[in-house]
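**Student:** requesting a structural model of the entry that follows:
(one chain, ligands or ions: 2)
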Amino acid sequence: MERIIITGALGQIGTELTLKLRDIYGEENVLPTDIKKPESSALKGKTFEILDIRDADRLSELVTAFKPDTIMHMAALLSATCEKDPKLAWDINMGGLINALEVARNHNLKFFTPSSIGAFGPSTPKENTPQVTIQRPTSMYGVNKVSGELLCDYYFSKFGVDTRGVRFPGLISHVKEPGGGTTDYAVEIFFEAVKNGRYTSYIDKNTNMDMMYMDDAVDAIIQLMEADADRLENRNAFNVTAMSINPEMVANEIRKHIPGFKLEYDVDPIRQGIAESWPNVIDSTEAVKQWDFNPQYNLAKMTEIMLQAIRNKQ
Ligand code: NAD
Ligand code: AKB
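**Tutor:** Ligands and ions are numbered 1, 2, ... in the order given. Predicted structure coming up:
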């Protein structure tokens, strides 16, 4: 991997991914794109192109001009947003994905896109969810993610495109706010703890979901993309996780730093329903075995860093 174009680069993952890729591969070798301008983003003021991922011609023009060897496809709508407009979700998530795969096929690019724990559903085993298992999700996001995993596998087996991907859990970060997912509470809780000393959670008390700190997520993407292809038995949708947590666990960890922190609940039935349809904890053994996935942040370490970073911002 030497020269990379990124779609959806202004998002929660894309922002930090772009910054890290620029550090490693050089600023001139990384082209972030998004449907929006980078006005209040950490990416403002540097090379950037506007791209609606549904516009295949514009994508092809950008790739022809920039000549990347890799595309990292992040443009998508997340789980809660998908439920508000399922048809738009299909158009962006599936239409965008096939445009990105086609440009990879036509220009011989390596390809990365994330799937999600959202690709699982209520009939999936909830504990230590295996790499290969039942996937009958009930959300539009989940339907998109399962279809996307299969489509990426198909482009590898049919056309030989070097597609790679992971199933990310909820990602926790402080640089860019999350983009409308079910797991967003686990970011908001830290910001509200520092600002107001309290948080009202839309996810219920004992609902466990997998999570990971953003630095581990970005490292995982780069590690997988740089992994020796001969070691990869799977190509796409590797289970990855660093912790399985619920709101009470996060609150208890926050109280070690902010003793009076108060957690209340006002459960949102839509996002709670999605959360309950997802696993409690997935098994990332295959990612460890095939490309040395090795997350560095647990809940305690992540909480310390999140609270400090948010305090510094304020
Ligand atoms: P995000 O919502 O923060 O960012 C998505 C970006 O895509 C936004 O900047 C948005 O402007 C852009 N976008 C939306 N529609 C577009 C279009 N038509 N054309 C071009 N750009 C468009 O999302 P994220 O959290 O950065 O997620 C990136 C990918 O990772 C998605 O596929 C998501 O499903 C996946 N993922 C994220 C998480 C997480 O917790 N953040 C977890 C699992 C999987
Ligand atoms: C969401 O909640 O939609 C995302 C995800 C886990 O895919 N954070």
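
**Student:** who in the stretch 151-300 of the chain is up against ligand 1?
**Tutor:** F168, G170, L171, P178, G179, G180, G181, T183 (Cβ under 6 Å from any ligand atom). Placement of C-beta: from N, CA and C, glycine included.

**Student:** what's the closest non-adjacent residue to the last one?
**Tutor:** The shortest distance from T183 to any non-neighbouring residue, by Cβ to Cβ, 6 or more residues apart in numbering, is to G170 (2.6 Å).

**Student:** got a pLDDT number for the one you found?
**Tutor:** Per-residue confidence (pLDDT) for G170: 98.

**Student:** what is it paired to in the beta sheet?
**Tutor:** M211 (DSSP bridges).

**Student:** so which helix or strand takes in L19?
**Tutor:** L19 belongs to helix 12-25 when assigned by DSSP states H and E.

**Student:** okay, now the nearest residue to P32 once chain neighbours are set aside: neighbour count?
**Tutor:** If the residues on either side of it in the chain are set aside, P32 comes closest to A9, at 3.2 Å by Cβ to Cβ, 6+ apart. Burial of A9 is recorded as 27 neighbouring residues (other Cβ atoms under 10 Å).

**Student:** can you tell me which residues contact A9?
**Tutor:** Counting by Cβ atoms under 8 Å, 6 or more residues apart in numbering, A9 touches T15, L17, T18, P32, T33, D34, L43, F48, M74.

**Student:** so it sits in a strand?
**Tutor:** No. Read with DSSP: H, G, I helix; E, B strand; the rest coil, A9 is coil and lies in no strand.

**Student:** what sits closest to whatever residue of the stretch 101-250 of the chain ends up closest to ligand 2 if chain neighbours are left out?
**Tutor:** Per Cβ to the nearest ligand atom, G181 is where the stretch 101-250 of the chain lies closest to ligand 2, at 2.5 Å. With Cβ to Cβ, 6+ apart as the criterion, G181 has its nearest non-adjacent residue at 3.9 Å, and that residue is L78.

**Student:** can you give me phi and psi for M209?
**Tutor:** The phi/psi pair for M209 (degrees, to the nearest 10) reads phi -140, psi 150.

**Student:** pretty sure it contacts I245?
**Tutor:** Yes. Counting by Cβ atoms under 8 Å, M209 does reach I245; the two are 7.2 Å apart.

**Student:** out of the two, name the residue with the larger neighbour count.
**Tutor:** Taking neighbours as other Cβ under 10 Å, M209 and I245 compare with M209 leading, 26 against 23.

**Student:** which residue, neighbours along the chain excluded, lies closest to V187?
**Tutor:** Nearest in space to V187, with sequence neighbours left out and distances taken as Cβ to Cβ, 6+ apart, is P178 at 5.1 Å.

**Student:** which pLDDT value goes with the one you found?
**Tutor:** With respect to pLDDT, P178 has a value of 96.

**Student:** confirm that it sits in a strand.
**Tutor:** No. Using three-state DSSP, the secondary structure at P178 is coil, not a strand.

**Student:** thinking again about what came up before, tell me how many other residues crowd the residue nearest to G181.
**Tutor:** 21.

**Student:** likewise for G45?
**Tutor:** 8.

**Student:** residue numbering should commence at 57 henceforth.
**Tutor:** Okay, residue one is now 57; in that scheme the one you just asked about reads as G101.

**Student:** where does F246 land in three-state SS?
**Tutor:** helix.

**Student:** please tell me how far it sits from M362.
**Tutor:** 4 Å (Cβ to Cβ, to the nearest Å).

**Student:** and what of N184?
**Tutor:** Between N184 and M362 the computed distance is 27 Å (Cβ to Cβ).

**Student:** neighbour count for the two, which is higher?
**Tutor:** Using other Cβ under 10 Å as the criterion, N184 and M362 rank with M362 on top: 27 against 15.

**Student:** the more buried one should be in a helix, yeah?
**Tutor:** Yes. When three-state DSSP is applied, M362 is found to be in a helix.

**Student:** hmm, it is touching E244, no?
**Tutor:** No. Checked against Cβ under 8 Å, the pair M362 and E244 is beyond contact range at 11.2 Å.
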